[in-house]
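K.L.:
Task: produce atomic coordinates for the following.
(one chain, ligands or ions: 1)
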Amino acid sequence: MSEHVWCHGPSCHLSHTQDRIRGVKGSKVLRTRKVAFNSEHIHMYSYFCSQGCYNDFANKHIERVIAIAPRTEALETPIDVVKEQKQYGWRDGTYTDTVITRVDNPS
Ligand SMILES: [Zn+2]
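P.N.:
Model (predicted):
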């Protein structure tokens, strides 16, 4: 079922765009945008009207966001590295290409 939520961008209501203007002459406001929310298909744009509002939220709350899943050590992906000579598609000659292939299915 589709419904609406208010954009979670902390500065959404500060952007000077015509679609945010509400109210009558003499008492106009810039209002946070509504965002279509579909509980069957939740993603970033279920809560934010734009990439900018998402970035503002993430930057404001970054310490709490990182606390959800802190990275305490590097991840690694096993690979094979093969150097291949390849022909230019647009002129004579060859170049060395580095082909990286994953060797397992990391989780
Ligand atoms: Zn917004």
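K.L.:
Now do stretch 98-107: everything it contacts.
P.N.:
75, 77-84 (CB atoms under 8 Å, 6 or more residues apart in numbering). (Each C-beta comes from the backbone N, C-alpha and C, glycine too.)
K.L.:
Over to stretch 55-64?
P.N.:
Residues outside stretch 55-64 that contact it (CB under 8 Å, 6+ apart): 8-12, 48, 65.
K.L.:
and the spatially most central residue of the chain, what are its phi and psi?
P.N.:
Centroid-nearest residue in the chain: Gln51, 6.4 Å away (criterion: CA atoms, centre = their mean). Main-chain dihedrals, Gln51, degrees, to the nearest 10: phi -60, psi -40.
K.L.:
Model confidence score at it, please.
P.N.:
Note on Gln51: pLDDT of 98.
K.L.:
so how far is Cys7 from it?
P.N.:
12 Å (CB to CB, to the nearest Å).
K.L.:
before we move on, what about Ala58?
P.N.:
Distance, Ala58 to Cys7, using CB to CB: 14 Å.
K.L.:
Among those two, which residue is more densely surrounded?
P.N.:
With neighbours defined as other CB atoms under 10 Å, Ala58 and Cys7 compare such that Cys7 has more, 24 against 13.
K.L.:
Tally up the residues packed near Lys25, please.
P.N.:
Look at Lys25: counted by other CB under 10 Å, it has 5 neighbours.
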